[in-house]
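Novice: with the input below, show me the fold.
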Amino acid sequence: MTPLSHKEGFSELAGILLVASGLLLMASLISYHPLDPSLFTHSSNFKVRNLTGRVGSYLADVLFVLFGTGAYLIPCFLLYSGWKRFRRETPLAGRHWKAVGGILFLVSSSAFSELYLD
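Specialist: Next up, the predicted model:
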């Protein structure tokens, strides 16, 4: 077993962090409750029902307000890019174009779901 270089070690660490944040964000979005305290909701109920706590309720509410049901794509992007990063399969060239494409896909899927799924 050969030791990892600093660049490979950083790539694996970044992959693990991306996967962990994707899982945390997915748990936050799945356990979203409209009456949880957040930036856009004020309630006298101080009990947070979100699995990730108060931070997760705020984050899920902001993402649902901004992207609607398209917010579920964000953790999927994080999980996919984290896995690719961990496996060191992502070429450095073209990474910016993939990010731009992902953002455009997120915005267009949010608009599509708002038009046709409601």
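Novice: alpha carbons only for contacts and neighbour counts from here, please
Specialist: Fine.
Novice: find the least confident helix or strand in this protein, judged by mean pLDDT.
Specialist: Scoring the helices and strands of the chain by mean pLDDT, DSSP states H and E places helix 95-116 at the bottom, with a mean of 81.
Novice: tell me the spacing between the residue most central in space within the chain and His42.
Specialist: In the chain, the C-alpha nearest the mean C-alpha coordinate belongs to Pro75, at 3.1 Å (C-alpha atoms, centre = their mean). Distance from Pro75 to His42, counting by C-alpha to C-alpha, to the nearest Å: 26 Å.
Novice: with Phe10 instead?
Specialist: From Phe10 to His42 the distance is 41 Å (C-alpha to C-alpha).
Novice: mind checking which of those two has more residues around it?
Specialist: Phe10 (14 against 11; other C-alpha atoms under 10 Å).
Novice: what helix or strand does the more buried one sit in?
Specialist: Using DSSP states H and E, Phe10 sits in helix 6-30.
Novice: surely the residue nearest to the centre of the chain touches Met26?
Specialist: Yes - at 5.6 Å, Pro75 counts as touching Met26 under the criterion of C-alpha atoms under 8 Å.
Novice: on that earlier part again, burial of the residue lying closest to the residue nearest to the centre of the chain once chain neighbours are set aside, as a residue count?
Specialist: Spatial nearest neighbour of Pro75, chain neighbours left out: Gly22 (4.4 Å); criterion: C-alpha to C-alpha, 6 or more residues apart in numbering. When neighbours are counted by other C-alpha under 10 Å, Gly22 registers 21.
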